[in-house]
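> Sequence below, structure please.
(2 chains)
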There are 2 protein chains.
Amino acid sequence: MMDLRSELGRRKSLVEGRLREFFEERRGKLDGILREALDALEDLTLRGGKRVRASLVMMGYRAATGEEPGQILDPAAAVELLQSYLLIHDDVMDRSDLRRGGPTVHRMFSERYGDEWLGISLAITVGDLADSYAQQLIAESDFPPENVLAALGVYNTMVEYTGYGQILDLLGPHVEADVDYVLKTHLLKTSMYTFIGPLLLGATLAGADQDLMEALTRYGASAGIAFQLHDDYLGLYGEEEVIGKPATSDLEEGKRTVLVVEALRRAGEGEREVLLAALGKKGITREELEAVRRIVRETGALEFSRELEEQHLREAIEAVEEARMDDFVREFLVELAKFSVSREA
Amino acid sequence: MMDLRSELGRRKSLVEGRLREFFEERRGKLDGILREALDALEDLTLRGGKRVRASLVMMGYRAATGEEPGQILDPAAAVELLQSYLLIHDDVMDRSDLRRGGPTVHRMFSERYGDEWLGISLAITVGDLADSYAQQLIAESDFPPENVLAALGVYNTMVEYTGYGQILDLLGPHVEADVDYVLKTHLLKTSMYTFIGPLLLGATLAGADQDLMEALTRYGASAGIAFQLHDDYLGLYGEEEVIGKPATSDLEEGKRTVLVVEALRRAGEGEREVLLAALGKKGITREELEAVRRIVRETGALEFSRELEEQHLREAIEAVEEARMDDFVREFLVELAKFSVSREA
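Down below sits the predicted model:
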């Protein structure tokens, strides 16, 4: 059986090498203050991550051609810059201080200049820069111009849909979000920019046919939702030492997860009040956390969400098993989907 | 002589028609909450502006070909969406409430949902969306694929340089910005995304030769700096009723203009203190404003800046007079440069 971890690890070091090269080239063109802005972006970008998105660009290309040529590293590196762009803006919106085990970009700048708003302003701008870098890496990549042009279309559609998902996410607490609303958000946000977008980017550069594109889209939609459902599960029931953040943080952010909206729907009046009081509250106590966990479990919302995870995992696997594609890629995608719903962090 | 105002006006209504069509198409694909987000973007985008950037895309194309075909409206509309993207993020950074005679996008959302931070978060996201729309409009425009691909390269370089300019702008008050620093900021920001970028976008789609691209770049660099110097002049000495904002607002934002940094360099100790006290202060009085105006005049910084304006105007005109290009475009560009430094608003 494929060793997913080592397959990801090998691609991770290739992509990080390309990213380092990219930053080195850009640094040579900039002076003083602008170089510092680039450093903050490089720091965040290289500070970690499993590079699942970059690997999926490579898999998308290989699915159609059986190959992973050297020049696929450019668009693969580009989606990691896209990820930085989205994370930097996300962290501003959530006012988060920590990301990938270090300070967020706005935090770095706020501290350097002793001015909170300046930090936020610089972070918004550096995020925008990361987006333009990502697109330049794709635009200059060595594939047939028609394919590159189509790939840029995929990239911008990915940003567009992710934006819609972000809007739904932000407004979740302001509307009566139900399970359909939450799943739509996951599809637009997680599925699109973590799975579908990277896969289609690679496949488009390879000039893949419509059947393969559709199979990858079906896989990515289901795998992304399963991934996010599991993420939300870990966010409430995960071990703090393993997931690397307090088990209260999703609640404190007021996140509308399937667990939460389904528990709200099923709960009695008193339990509803306990849930609503916890959502968005700062400084949730251990007792409050346990009360929420118990309600989500006892209403059956936990089981409901876990079953949805399993269902989407099955759909993801079916999508690739039925499709014509490179065998290595098929196995990689199946293993990745299984890993997405079994990981503990 | 060319009637610049009516030439701009004619192109403005064409481009606004295309923008309305674009929003109508997109709206058809979205429901409920997402449609509201789109409405905010459409509202800001269509609320005004002379559409100089859009017209310059058309001029860039015409410079090389003598023509302005219908499909040039797509990239022309795209640069207006780019402008919305940059304005929305700029207004967040400046925490401005007003833009083009109406509420800024973050203000609209803050009021609708009664939550200031949610308004800012939605505005950042809607800005990002505008960028992806702009690039999709270019990517799908009906020109040879190699040219479209190169045009997307121009677009992203424009965003990149504007980002550098924005960083310099934000950090101006935190470093000892001198005239060179301010002019570099103007070149990266105003010249790039108001003049050079739009012109090169159009010229690239037309497959223009290197000589023309260089002439347009030289023109845009100088015209942009002249435009911004005049803008900063109006920001301090303009008539409030004509420029549509308080004559104190540039000072209150702490903007480092050539007027300000040159006056600081030339001023004696006491005058320096008056200037520094006014920069970034909220609620500047009429007396304080007049004191600053007097110091900028008496140190000779005003004359210095006006002469720089004239010098850049001359350089802009020279750049196009020497170049081979469509005669109509040459005249248009000369008139636009002259208008940039003579307008009263």
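> List the buried residues of stretch A:148-164.
Across stretch A:148-164, burial judged by 16 or more other Cβ atoms under 10 Å in any protein chain shown covers A:148-164. Just so you know, the C-beta spots here come from the backbone N, C-alpha and C atoms, and that holds for glycine as well.
> Grab the nearest non-local neighbour of residue A:169.
Distance criterion Cβ to Cβ, 6 or more residues apart in numbering or on different chains; nearest residue to residue A:169, sequence neighbours excluded, is residue A:185 at 5.3 Å.
> what comes into contact with the helix or strand harbouring residue A:317?
If you go by DSSP states H and E, residue A:317 is part of helix A:301-321. Applying Cβ atoms under 8 Å, 6 or more residues apart in numbering or on different chains, the contact partners of helix A:301-321 are A:183, A:215, A:218-219, A:222-223, A:225-226, A:229-230, A:232-233, A:237, A:257-260, A:262-263, A:266, A:296, A:329-330, A:333-334, A:337-338, A:340-341.
> Can you select the buried ones among the residues you listed for me in ChimeraX?
In ChimeraX, this line selects whichever of these come out buried by 16+ other Cβ under 10 Å:
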select /A:183,215,218,219,222,223,225,226,229,230,232,233,257,258,259,260,262,263,266,296,329,330,333,334,337,338,340,341
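> among the contacts of helix A:301-321, which are in helices?
Residues of these located in helices (DSSP state H): A:183, A:215, A:218-219, A:222-223, A:225-226, A:229-230, A:232-233, A:237, A:258-260, A:262-263, A:266, A:296, A:329-330, A:333-334, A:337-338, A:340.
> thinking again about what came up before, show the contacting residues for the residue nearest to residue A:169.
Residue A:185 touches A:165, A:168-169, A:172, A:256, counting by Cβ under 8 Å, 6+ apart.
> mind putting these in TSV, secondary structure and neighbour count included?
Formatted as TSV, the contacts of residue A:185 follow (DSSP: H, G, I helix; E, B strand; the rest coil; neighbours: other Cβ atoms under 10 Å in any protein chain shown):
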residue	secondary structure	neighbour count
A:165	helix	22
A:168	helix	24
A:169	helix	22
A:172	helix	20
A:256	coil	26
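> what's the burial count for residue A:8?
Neighbourhood size, residue A:8 [other Cβ atoms under 10 Å in any protein chain shown]: 18.
> Quick check: the gap between it and chain B.
Separation of residue A:8 from chain B (Cβ to the nearest Cβ, to the nearest Å) stands at 28 Å.
> Show me the helices in the stretch 51-200 of chain A, by range?
Using DSSP state H, counting those that start in this stretch, the helices found in the stretch 51-200 of chain A span residues A:52-65, A:73-94, A:105-113, A:116-139, A:145-171, A:179-186, A:197-205.
> Dump those helices to JSON lines, plus mean pLDDT.
Putting the helices of the stretch 51-200 of chain A into JSON lines (pLDDT from 0 to 100) gives the following:
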{"stretch": "helix A:52-65", "mean pLDDT": "98"}
{"stretch": "helix A:73-94", "mean pLDDT": "96"}
{"stretch": "helix A:105-113", "mean pLDDT": "95"}
{"stretch": "helix A:116-139", "mean pLDDT": "97"}
{"stretch": "helix A:145-171", "mean pLDDT": "96"}
{"stretch": "helix A:179-186", "mean pLDDT": "96"}
{"stretch": "helix A:197-205", "mean pLDDT": "98"}
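> Quick one, grab the pLDDT at the residue nearest the centre of chain A.
Closest to where the C-alpha atoms of chain A average out (Cα atoms, centre = their mean) is residue A:194, at 4.7 Å. Residue A:194 is assigned 96 on the pLDDT scale.
> Who are the contact partners of residue A:175?
Counting by Cβ under 8 Å, 6+ apart, residue A:175 touches A:181, B:33.
> at 7 Å what do you get?
Applying Cβ atoms under 7 Å, 6 or more residues apart in numbering or on different chains, one finds that residue A:175 lies in contact with residue B:33.
> At the contact with chain B, which residues of the stretch 101-250 of chain A appear?
Counting by Cβ under 7 Å from any Cβ of the partner chain, the stretch 101-250 of chain A comes close to chain B at A:113, A:118, A:121-122, A:124-125, A:128-129, A:131-132, A:135-136, A:139, A:145-146, A:148-149, A:152-153, A:156, A:159-160, A:163-164, A:166-168, A:170-171, A:174-175.
> tally of neighbours for residue A:322?
The tally of other residues near residue A:322 (other Cβ under 10 Å) stands at 9.
> Would you mind giving the domain segments of chain A?
For chain A, whose domains are defined here by automatic domain parsing, the residue ranges read A:1-148, A:209-345.
> mind checking the end-to-end distance for the first one?
To tie it back to what came earlier, the one meant is domain A:1-148. End-to-end distance of domain A:1-148 (Cα to Cα, to the nearest Å): 34 Å.
> what does the last one give?
From the first residue to the last, domain A:209-345 extends over 36 Å; the measure is Cα to Cα.
> Return the distance of that domain from the chain's centre.
13 Å (Cα atoms, centre = their mean, to the nearest Å).
> Also the longest one?
Taking Cα atoms, centre = their mean, the mean C-alpha location of domain A:1-148 is offset from the chain mean by 13 Å.
> since we're on the closest residue to residue A:115 other than its chain neighbours, how many residues are nearby?
Closest residue in space to residue A:115, ignoring its immediate chain neighbours: residue B:174 at 7.8 Å, by Cβ to Cβ, 6+ apart. Residues near residue B:174, counting by other Cβ under 10 Å, number 14.
> what do you get for residue A:66?
Per other Cβ under 10 Å, the neighbour tally for residue A:66 reads 13.
> likewise residue A:89?
By other Cβ under 10 Å, 27 other residues sit near residue A:89.
> Next up, the contacts around it.
When contacts are counted by Cβ under 7 Å, 6+ apart, residue A:89 touches A:124, A:127, B:124, B:128.
> One more pass at 6 Å, please.
A:127, B:124 (Cβ atoms under 6 Å, 6 or more residues apart in numbering or on different chains).
> What separation is there between it and residue B:39?
Using Cβ to Cβ, to the nearest Å, residue A:89 is found at 21 Å from residue B:39.
> Kindly report the same for residue A:214.
Using Cβ to Cβ, we find residue A:214 at a distance of 32 Å from residue B:39.
> One more: residue A:70?
Residue A:70 is 46 Å from residue B:39, by Cβ to Cβ.
> the more surrounded of the two?
Ranked by neighbour count (other Cβ under 10 Å), residue A:70 and residue B:39 place residue B:39 first, with 14 against 9.
> Are we agreed that that one is in a helix?
Yes - under DSSP: H, G, I helix; E, B strand; the rest coil, residue B:39 sits within a helix.
> what about the residue lying closest to residue A:223 once chain neighbours are set aside, how many neighbours?
Leaving aside its sequence neighbours, residue A:223 sits nearest to residue A:316 (Cβ to Cβ, 6+ apart; 4.1 Å). Residues near residue A:316, counting by other Cβ under 10 Å, number 29.
> pLDDT value on residue A:316, please?
98.
> The one 3 residues further on now?
At residue A:319, the predicted lDDT confidence score is 97.
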